[in-house]
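Chemist: The following block contains a protein sequence and its predicted model.
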Amino acid sequence: MITKKIFSLLLVFASLVQGYAQVEKEVTPPFNIKTVAFIQNGNVMIPMFRLGDSFQLEFDDLYGNEADYYYTITQYNYDWTPTQLGKAEYLQGMDNQRIMNYQNSFNTLQIYSHYSQTFPNKFNRILLTGNYMLKIFNSDQELVFSRKFIIYDEQLSVPLQIKRSRDLSTIDGMQNLDFVVKMGDNILQNPIQNVKVALFQNGRLDNAIYNVKPQYTIGSDLIYRYNKETQFWAGNEYLYFENKDIRTVSNNVGHVSAGEIYNTHLYMNTARRNNPYTYFPDINGRFLPNKINAENNNLEADYSWVYFTLNTNTFMDKKDVYIVGMFNNYSLSPEYKMDYNAEKGLFEKAILIKQGFTNYQYAIADKNGKIDQENAVDGNFYQTENNYFVLVYYRGNNDRYDRVIGRGIATSESITN
């Protein structure tokens, strides 16, 4: 009897621990770590990769002293709480390996060491789909930074359409995801409860939508046709600058000055929220390190202090303004927070960025770091071109982890009513 009571208490305790498991958050890199990116086929990618495909994590260390860095790979549940699996169950081989591929920059005013780690590699291979975190440690085994990524498989199809909001109050500023999870010949246990979806705008993990149940079913298809639960604020086209020739003015660069390193002064940006929507192509927040006539952009592209100036036409009381994009993983750290110049009535900031082509946007947030997307600096326009992704997760009744078994992709370029 005592044994049964103890066992019951242990089960209750275990369920409570699992219920209050900590949601894992990314650790922002320190100032000396720059241009952290997932790379595939030479392009900066959103952190979603098909199981078995090759990709790289790359970054620069501005100290340029060829420091030793190590990495670990950890799996997480759908909600980014720790998984129940042991590492040997989802990773073949051993992690906590030193990053061996690194080179020093050359012909640059700002020295740096460029690091690159390929996955899978001869030391380890990810065996299962799911949510993962790469953690980078220094030689003292201190965590330097971490990045989330997702490994998926496409066992079922996810037709996805982007439509305007069905709410008249947001019809001009929001985009709605209308999609179906088609199970086909896949036999899934209790799919209404065991299938979960995650919705992403331009591959961003910081504003993803989770925990949306299917609205209804038709045969074996799960139908998601909500009015509000699957909507994103559309935002505006990303701003950009290009300084692949770092010594001359070019796209959106007003003038250039030189010191210990180059200084790139951008033309002043004015808040676009009250302006009519204007289309111009962007790369949905991504960036491309690039130096004109370089043989190896990873090592020859220099760093520059990029000076941003924003005129919001009004001071936003109790709001902080940040410069964000994939170049800084949409970080709301002090390094990217703009300073308000009361004398000029402008927001200003200088950020050290690797030369090339960079998309960015201005984000406003409260003191708790919550982004105010509804009142975005550059407004919200349903015509804005955004890429959307739907990932389908599944955990069977006896499974111990969340598999990613489907993916849907669509662009709002063909948005419909």
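Modeler: That came through fine.

Chemist: just the strands in the stretch 51-200 of the chain please.
Modeler: 55-61, 69-76, 91-93, 97-98, 101-104, 113-119, 124-126, 130-138, 143-152, 156-157, 160-164, 174-182, 195-201 (DSSP state E, counting those that start in this stretch).

Chemist: Mean neighbour count added to these, as CSV?
Modeler: To be clear about C-beta, it is placed using only N, CA and C from the backbone, and glycine gets the same treatment. Formatted as CSV, those follow (neighbours: other C-beta atoms under 10 Å):
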stretch, mean neighbour count
strand 55-61, 21
strand 69-76, 20
strand 91-93, 16
strand 97-98, 14
strand 101-104, 15
strand 113-119, 19
strand 124-126, 18
strand 130-138, 20
strand 143-152, 19
strand 156-157, 19
strand 160-164, 19
strand 174-182, 22
strand 195-201, 22
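
Chemist: Of all the ones you listed, which one comes closest to Tyr401?
Modeler: Smallest distance to Tyr401 across the strands of the stretch 51-200 of the chain (C-beta to C-beta): 5.8 Å, for strand 130-138.

Chemist: Low-confidence regions, the stretch 151-300 of the chain specifically.
Modeler: By pLDDT under 70, the stretch 151-300 of the chain has no low-scoring segment.

Chemist: Recalculate using a threshold of 90.
Modeler: Applying pLDDT under 90 to the stretch 151-300 of the chain flags residues 166-167, 183-189, 220, 227, 250-251, 258-259, 280-281.

Chemist: ok so, going back, so which of the strands of the stretch 51-200 of the chain is nearest Thr416?
Modeler: From the strands of the stretch 51-200 of the chain, taking C-beta to C-beta, the stretch that ends up closest is strand 160-164, at 5.4 Å.

Chemist: Quick one: residues in contact with that closest one.
Modeler: Identification of contacts with strand 160-164 by C-beta atoms under 8 Å, 6 or more residues apart in numbering yields 171, 174-179, 382, 386, 388, 390, 408-412, 414-417.

Chemist: go again using 7 Å as the cut-off
Modeler: 171, 175-179, 382, 388, 390, 408-410, 412, 415-417 (C-beta atoms under 7 Å, 6 or more residues apart in numbering).

Chemist: got it, and stretch 63-76?
Modeler: Against stretch 63-76 from outside (C-beta under 7 Å, 6+ apart): 24, 32, 61, 82-83, 85, 90-91, 95-99, 102, 104-105, 111-113, 115, 117, 124, 126, 130-139, 144, 401.

Chemist: Off-centre distance for that stretch?
Modeler: Mean-position distance between stretch 63-76 and its chain equals 19 Å (C-alpha atoms, centre = their mean, to the nearest Å).

Chemist: and what of stretch 372-384?
Modeler: 19 Å.

Chemist: model confidence over that stretch, on average?
Modeler: Stretch 372-384 shows a mean pLDDT of 95.

Chemist: Stretch 119-133 now?
Modeler: The model assigns stretch 119-133 a mean pLDDT of 97.

Chemist: mind listing the helices in the chain by residue range?
Modeler: Along the chain, the segments classed as helices by DSSP state H run 2-19, 87-90, 191-194, 297-300.

Chemist: Could I have the CA atoms of the third one written out in CSV?
Modeler: Output of helix 191-194 as CSV, limited to C-alpha atoms (Å, rounded to 0.1, in the frame of the first residue of the first chain):
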residue,chain,number,x,y,z
PRO,A,191,-5.4,13.6,-35.1
ILE,A,192,-7.7,16.2,-33.6
GLN,A,193,-5.7,16.1,-30.4
ASN,A,194,-2.3,14.7,-31.5
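
Chemist: Mind picking the two most distant members of the contacts of strand 160-164?
Modeler: The largest separation in the contacts of strand 160-164, counting by C-beta to C-beta, is between Ile171 and Ile409 at 24.1 Å.

Chemist: Minimum distance to Asn297: which of the strands of the stretch 51-200 of the chain has it?
Modeler: Here strand 113-119 is closest among those (C-beta to C-beta), at 9.9 Å.

Chemist: could you say what helices and strands the closest one packs with?
Modeler: Counting contacts by 3 or more C-beta pairs under 7 Å, 6 or more residues apart in numbering; DSSP states H and E, strand 113-119 packs against strand 55-61, strand 101-104.

Chemist: Pull up the pairing partners for the shortest one, direction included.
Modeler: On the basis of DSSP bridges, the sheet neighbours of strand 101-104 come out as strand 113-119 (antiparallel).

Chemist: Okay, angle between the strand it pairs with and strand 130-138 too, please.
Modeler: For strand 113-119 against strand 130-138, the angle by axes from the mean of the first three to the mean of the last three C-alpha atoms, to 10 degrees is 150 degrees.

Chemist: how long is stretch 395-407 from one end to the other?
Modeler: Using C-alpha to C-alpha, to the nearest Å, one end of stretch 395-407 lies 16 Å from the other.

Chemist: Strands of the stretch 251-400 of the chain, start to end?
Modeler: 253-258, 262-266, 269-270, 287-289, 303-311, 320-324, 339-341, 346-354, 356-365, 387-394.

Chemist: Take these and write them to TSV, including distance to Lys213 and mean neighbour count.
Modeler: Listed next are these as TSV, based on distance: least, C-beta to C-beta, whole Å; neighbours: other C-beta atoms under 10 Å:
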stretch	distance to Lys213	mean neighbour count
strand 253-258	48	14
strand 262-266	45	20
strand 269-270	41	18
strand 287-289	36	22
strand 303-311	40	20
strand 320-324	31	21
strand 339-341	43	13
strand 346-354	41	19
strand 356-365	29	21
strand 387-394	13	23
